[in-house]
Structure formats: C-alpha cells, structure tokens
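K.L.:
Need the 3D shape of this:
(2 chains)
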Amino acid sequence: MKPITFTLRSEPEERLDLSALIPERLAGMSAAEIANLTVGTSRTPAKVGDLFKVTGADPSGIVFHGGSKRFDRIGSEMTSGSIRIAGDVGAYVGRKMAGGTLVVEGEAGPQAGSGMRGGRINITGNVGDGVGAPMAGEVQGMTGGLIVVGGRAGDRAGERMRRGIIVLRKGCGDYAGLGMIAGTIVATGRVGLYPGHLMKRGSLLFDRRPANLSPTFIDCGVVDIGFPALFDRYLLKEKILDRPLLGTRPSRYGGDNAVLGKGEIMFRRSG
Amino acid sequence: MQKLSRNGIEIDDTFAEAFGMRATAIIITAPSLKWARQAAITMTGYATSVIGCGCEAAIDMDIPATKTPDGRPGCRVMIFAMGTDELQKQLKSRLGQCVLTSPGSACFADLEGSAMLDLGSSLRYFGDGWQISKKFGGRHYWRVPVMDGEFLCEAKTGMTKLAVGGGNLLMLAADAEKALRAAERAVEAIEKVPGAIMPFPGGVVRSGSKVGGKYKGMMASTNDAYAPTLRGVVKSALGPEINSVLEIVIDGETSDAVASAMRAGLKAVIDLGPKRGALRISAGNYGGKLGKYHYHLRDLLP
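P.N.:
Residues are numbered from 1 along each chain as shown, chains lettered A, B, ... in the order given. Next comes the predicted model:
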C-alpha cells in the first residue's frame, strides 16, 4: 500500500490545525472520511478535501506534498509510524509527540517538538523559538526523544527540557537550555547569549566556545573523560552529525550556580 | 567401559555433568588493554567456584578498540552464580571495588537476557549527587565523577537463565609436566571459544573434588579416585601409567558454548598427542543424577 499523501492545492487562507492527520487517527478511516475532517481554525473552517488532494491508503506513513507556514500541530501526539512534509510547517510541529518519526523538509515555526516525549523529529531548515520548550503554564518541556534541526534555531531552544536530545546543526539564538531540568542539547555553529541560563542539570554540548556565558557558570577546566567519545560515536553512527563534536578533551563549565548548579556546558577547544 | 581412542590417546566413554546457572556479561574498557585486563582480572579474582566464592567469573575474551562501545580496548567478563540475588550482589560489589577503582575504566552491558541486573544504577550513588544520567541510542549510562575524570558505566546489563556451569575435562598424564602441558593447550583453545570461561587459576584445577567428605561440614573433599599417590590404597580410577591429573572447568553462556569449549579442548589435547601430553582424557560426573546437562566425550571427539 502506498502512504496516504496530501498534496496541497494552494496556499491555505487560514491557520490550520493538522493534529488530526497522524497515523493512529487515520487508521481505519475511508478516503471520504479523511477528506471530511475539519482542519481549519476560522469561523468557517476548511476541511481536508478543500485543501488537499488525498491519495494512497497506508496510514502508517503519511506524506504532505507542499507545506505552508500555516500548517500547525503536524504530528501532534503521534505515537508511531512516520510523517514526512515536503515543505515548511508552522507552529507546534510534533507537539507532545511520543513515538514514530517526523521529517520536515523545510522550515518550522515556533515551539517545534514542544513537550515531546519520544520518537524522532528531523527538520532540514531553520526552526523558530522554543524548540522542545513547554507551552505557557507547563512545568517541563521535552521529556524524551530526539530533535535534529539542520538549520538554525531561535531563542530558548530546549527550555525546561527534562530528558532527550536536541541537535541544532547551525547554532541557535539566545538562552539555549533556559531553565533546563536535564537532558542534552547539541549545537554546532554560533550560539547566542547566555546558554544554560538557570539550568539545574543537563548538558549543553557545543563545537566552539560560546560567545557569552553567564557569570554564574564556573570554569571546570579541560576534562579528560570517556563520555565525549562515546557520545560522538553515537552522533556519527546515527548520522546526526558528520564529524566529531567535542573531541577527546573538551572544556567544561559547571552551572548554573544561580540555581542547583549541576548542569554542564562542554565545548570543543579551538586548535 | 568401551574403549575409545584418538591419536593414541585413550578417551573414557563418559560424560561431564553440568548445572544450570545464571550469568551476566559486561565489557570493561580502559585507555590500554593492559588496564582493561587489570580491572577484569581484579574483578574476577577469588571467583573460582560458587561453593566458596559466591560466583564464578573470568575474562571471556579481549575486545579490540574498534569493537567496544567507546572505541578503547577492552575485555568481556562473564560472571556466573546459582541465583539472581547472589549474582546481583557479586556483580555490584566486584564492580564497585575492582572496576570503579581501576584507572580510566568504563563499563558496558554485553548480554541480552530475560532479566536485567544493575550496574551503574547501584554504583551511581558514589557520585554523591554529582552523578549524571545520560540516555541515548536506546541505552542508559551513568557518569560518576572520580579523581581521574569520570567513571562511565551503563545503568544495567542483561542476565541469562540459560547459562551452564560445570562442564569439564580431565587430562591424565604420565607426569605433572605433561599433564600441565596438555591442560595449557586445552585452555589456549577454549579461550578462543566465545561465551565460555574457565574460572580456575589460568583455567586449570589441580584439586578436583568429590561430594562430601569424612569430616563434618566438608561439602567437598579431594577426589581420591584420581589422586595418583593413593592408587591402590583407595578405589582408584587411575592405571599404573598415570601419575598426574589436571582438570579444566568450563562455564558457558549457553549449553552450546560449553559443548563447543569442550570440543575445542578435546581437539587441542588430542592434537598434542600422548608422548608430550595426556595419555587419557576423562570427564567428571555424579552418576548423572545431579546435573541437568550431560556432555558425552564420545559426541565431542574430533
């Protein structure tokens, strides 16, 4: 069976909530039922059939041909299967996702992978603010899984994350790992102001010295430990990065000592 | 007893009797093979027999740097015990005293089994709150700060209930030198068999035992039937030409591993020949009533 494919007819005229189009919710639905699902968010909301040409029948793999910055909540709460979007997406892609794989061949808006619990999200382009972050009022962000961003991330990447891994291949904005509870954020490229601000535990792993470190991070010196090599091997084996991140003897800073202070920022030493 | 022979060596038509055990395996790595082996040897010290040591343990094999989880040289260590609780206890205390303490060491799980045993999950408290948990690639690790950097240890390892302990071979020779040469050859061959260990010193036992003894409280005592100095005095299993006997005890991850190990050992001793090595090969059993696994030498001959 071919994957269910949604081919975008034209740019939508309203923001869309596409959280209904995940493998487990489409399983057992007929083509007519799928076409009749409401995805618009305005007073006279659009239905799937108004926006997309729907082909294919296998709900375990879903493909979107054509994307839009108005595509919100794609893959929200999905637990299995795969979704691939050939195009951009809007906010909350993979929000509270718990399993399966989600691939965005384009850019993503704010809060990508917000509150994610498991599975894997790959985004080839840039992402907005708050990748993996909680929504207002929530006490923790991402609690598991893997987010790989090929482009650059906005501010507050991995805010209040608890577990899991976020990889930002072209760096990120300010306050990466803001209030981080635990987990791992990897960034290659330029990192903005004050990474790890108010982090309790967790690891920020960079390929270079961050330009602006908060004064509440303390220099632990150069460390000679086994973890960087083990983690580098994982990143290379999974093809998340194409060259080692930290090298054998990275620099380490401990913090944020404004709070618990059990987090770390490790980065490759230049030269 | 029917006579079997290979290359001029007499093979007793008997069998080795072995028992079901619980086992686990880990990989210990270090900056060099020397230090990986040092940690492994220390960890598997005083672990020859469950009767006295609580567990049986030894290095299964060395693992080249290209095949270890962290890209450093290492070795695979196997530990066997009769029960899950005892195995966990031995694993934890040996890991804590011998591997955690060894310079540059790291420790990884290397067995997938029906149950899990704690590795780093119990040692992490040594970090006194500074231990770091990391989960990636489907595995869970603990990083414990220590004086030479960090002790990196996987959280858990698998345990198998299909392990077998007590496979054995007896090398009977004209003198002690020849018995030892035969035993060394067998050990060398068995070391190459994956999933099988020989827990006794250098793989060899010279004090094979029988069950019980004349003194109260002795669970095992000397195997007088195979003690050459007692030939004629007791009911001896030795002919006039045998003056020295050595035993190899084998524990395996599976029954197949024990059989392969015995097969490899037999072939090595047979290839060595009777002039330089053993005149006769036998195996130890308790009449077949105690152990679930029987390895007949007849079936394992080259």
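K.L.:
For the closest residue to residue B:7 other than its chain neighbours, which three-state class applies?
P.N.:
Nearest residue to residue B:7, sequence neighbours excluded (C-beta to C-beta, 6 or more residues apart in numbering or on different chains): residue B:270, at 5.0 Å. The way it works is simple: take the backbone N, C-alpha and C, and place the C-beta from them, glycine included. Following DSSP: H, G, I helix; E, B strand; the rest coil, residue B:270 is assigned to helix.
K.L.:
again, but for residue A:62
P.N.:
Secondary structure for residue A:62, judged by three-state DSSP, is strand.
K.L.:
what residues are up against the residue lying closest to residue A:181 once chain neighbours are set aside?
P.N.:
Among residues not flanking residue A:181 along the chain, residue A:162 sits closest, at 4.6 Å (C-beta to C-beta, 6+ apart). By C-beta atoms under 8 Å, 6 or more residues apart in numbering or on different chains, residue A:162 lies in contact with A:140, A:141, A:142, A:143, A:181, A:182, A:183.
K.L.:
ok, and what's touching stretch B:287-302?
P.N.:
B:4, B:6, B:11-20, B:164, B:166-167, B:255, B:258-259, B:262-263, B:266-267, B:270, B:281-283, B:285.
K.L.:
and chain B, which of its residues are near chain A?
P.N.:
Within chain B, the residues that sit near chain A (C-beta under 8 Å from any C-beta of the partner chain) are B:29, B:69-72, B:106, B:129-130, B:132-137, B:141, B:143, B:148-150, B:152.
K.L.:
Let's see that with 6 Å instead.
P.N.:
Residues of chain B lying near chain A by C-beta under 6 Å from any C-beta of the partner chain: B:70, B:71, B:106, B:136, B:137, B:143, B:149, B:150, B:152.
K.L.:
State the helix or strand in which the first one lies.
P.N.:
In the assignment (DSSP states H and E), residue B:70 maps to no helix and no strand.
K.L.:
That one: neighbouring residues, count only.
P.N.:
Around residue B:70 there are 20 other residues, counting by other C-beta atoms under 10 Å in any protein chain shown.
K.L.:
How about the fifth one?
P.N.:
Other residues lying near residue B:137 total 16 when counted by other C-beta under 10 Å.
K.L.:
Then the second one?
P.N.:
Here the number of neighbours of residue B:71 (other C-beta under 10 Å) works out to 15.
K.L.:
What does it show for phi and psi?
P.N.:
Dihedral angles of residue B:71 (phi, psi; degrees, to the nearest 10) stand at phi 70, psi 20.
K.L.:
I'd like the distance between it and residue B:64.
P.N.:
10 Å (C-beta to C-beta, to the nearest Å).
K.L.:
Tell me which residue in the stretch 201-302 of chain B sits closest to chain A.
P.N.:
Nearest residue of the stretch 201-302 of chain B to chain A: residue B:253, at 25.0 Å (C-beta to the nearest C-beta).
K.L.:
so who does that residue touch?
P.N.:
B:163, B:195 (C-beta atoms under 6 Å, 6 or more residues apart in numbering or on different chains).
K.L.:
got a list of what the residue nearest to residue B:7 touches?
P.N.:
B:6, B:7, B:9.
K.L.:
one more time with 7 Å, if that's ok
P.N.:
B:6, B:7, B:9, B:302 (C-beta atoms under 7 Å, 6 or more residues apart in numbering or on different chains).
K.L.:
quick one on the thing from earlier: please identify which pair of the residues of chain B next to chain A lies farthest apart.
P.N.:
Farthest pair in the residues of chain B next to chain A (C-beta to C-beta) is B:137 and B:149. Separation: 21.6 Å.
K.L.:
host element of the closest residue to chain B within the stretch 51-200 of chain A?
P.N.:
Taking C-beta to the nearest C-beta as the measure, the stretch 51-200 of chain A has residue A:165 as its residue closest to chain B, at 6.0 Å. Per DSSP H and E: residue A:165 is located in strand A:163-168.
K.L.:
Now do that strand: distance to the chain's middle.
P.N.:
Chain-centre distance of strand A:163-168: 8 Å, with C-alpha atoms, centre = their mean, to the nearest Å.
K.L.:
what's the span of stretch A:131-150 from first residue to last?
P.N.:
13 Å (C-alpha to C-alpha, to the nearest Å).
K.L.:
Need the contact partners of that stretch.
P.N.:
A:97, A:111-125, A:127, A:153, A:156-169, A:181, A:183, A:240.
K.L.:
Please indicate which of those residues are buried?
P.N.:
Among the contacts of stretch A:131-150, those scoring as buried are A:97, A:111-123, A:125, A:127, A:153, A:156-169, A:181, A:183, A:240 (criterion: 16 or more other C-beta atoms under 10 Å in any protein chain shown).
K.L.:
Now do the helices in the chain.
P.N.:
All of this refers to chain A. A:23-26, A:31-35, A:48-51, A:227-237 (DSSP state H).
K.L.:
That was the other one, I meant chain B.
P.N.:
B:33-43, B:50-53, B:84-94, B:120-123, B:176-191, B:255-272, B:297-300.
K.L.:
worst average pLDDT in the ones you listed?
P.N.:
Mean pLDDT values for those show the minimum at helix B:50-53, a mean of 90.
K.L.:
Flag every buried residue along it.
P.N.:
Using 16+ other C-beta under 10 Å as the test for burial, helix B:50-53 gives B:50, B:53.
K.L.:
Now find how far off-centre that helix is within its chain.
P.N.:
With C-alpha atoms, centre = their mean as the basis, helix B:50-53 stands 13 Å off its chain's centre.
K.L.:
helices or strands next to that helix in the packing?
P.N.:
Helices and strands in packing contact with helix B:50-53 are not found; criterion 3 or more C-beta pairs under 7 Å, 6 or more residues apart in numbering or on different chains; DSSP states H and E.
K.L.:
Extract the C-alpha set from that helix and format it as CSV.
P.N.:
Taking C-alpha atoms only, helix B:50-53 is exported to CSV below (Å, rounded to 0.1, in the frame of the first residue of the first chain):
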residue,chain,number,x,y,z
VAL,B,50,30.4,-20.9,43.7
ILE,B,51,31.0,-23.2,46.7
GLY,B,52,33.5,-20.8,48.3
CYS,B,53,33.4,-17.6,46.3
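K.L.:
Could you list the residues in contact with that helix?
P.N.:
Counting by C-beta under 7 Å, 6+ apart, B:46, B:47, B:56, B:81, B:82, B:219, B:220 sit against helix B:50-53.
K.L.:
per-residue pLDDT, residue B:24?
P.N.:
On the pLDDT scale, residue B:24 is placed at 98.
K.L.:
sorry, back to before: export the helices of chain B to TSV and tack on distance to residue A:10?
P.N.:
Formatted as TSV, those follow (distance: least, C-beta to C-beta, whole Å):
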stretch	distance to residue A:10
helix B:33-43	63
helix B:50-53	75
helix B:84-94	64
helix B:120-123	55
helix B:176-191	71
helix B:255-272	65
helix B:297-300	76
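K.L.:
residues in contact with the nearest residue to residue B:74 once chain neighbours are set aside?
P.N.:
Nearest non-adjacent residue to residue B:74, counting by C-beta to C-beta, 6+ apart: residue B:29, 3.6 Å away. Residues in contact with residue B:29 (C-beta under 7 Å, 6+ apart) are B:36, B:68, B:70, B:72, B:73, B:74, B:106.
K.L.:
so how far is chain A from residue B:8?
P.N.:
From residue B:8 across to chain A, the span is 52 Å (C-beta to the nearest C-beta, to the nearest Å).
K.L.:
what's the neighbour count on the closest residue to residue B:291 other than its chain neighbours?
P.N.:
Closest residue in space to residue B:291, ignoring its immediate chain neighbours: residue B:17 at 3.9 Å, by C-beta to C-beta, 6+ apart. If you count neighbours by other C-beta under 10 Å, residue B:17 ends up with 21.
K.L.:
and residue B:17, what pLDDT?
P.N.:
On the pLDDT scale, residue B:17 gets 95.
K.L.:
Does it touch residue B:258 like I think?
P.N.:
No: the pair residue B:17 / residue B:258 is not scored as a contact, 11.3 Å apart, by C-beta atoms under 7 Å.
K.L.:
Just give the number of residues close to residue 12.
P.N.:
Defaulting to chain A. Neighbours of residue A:12 (other C-beta under 10 Å): 21.
K.L.:
think we crossed wires, I meant chain B
P.N.:
The tally of other residues near residue B:12 (other C-beta under 10 Å) stands at 18.
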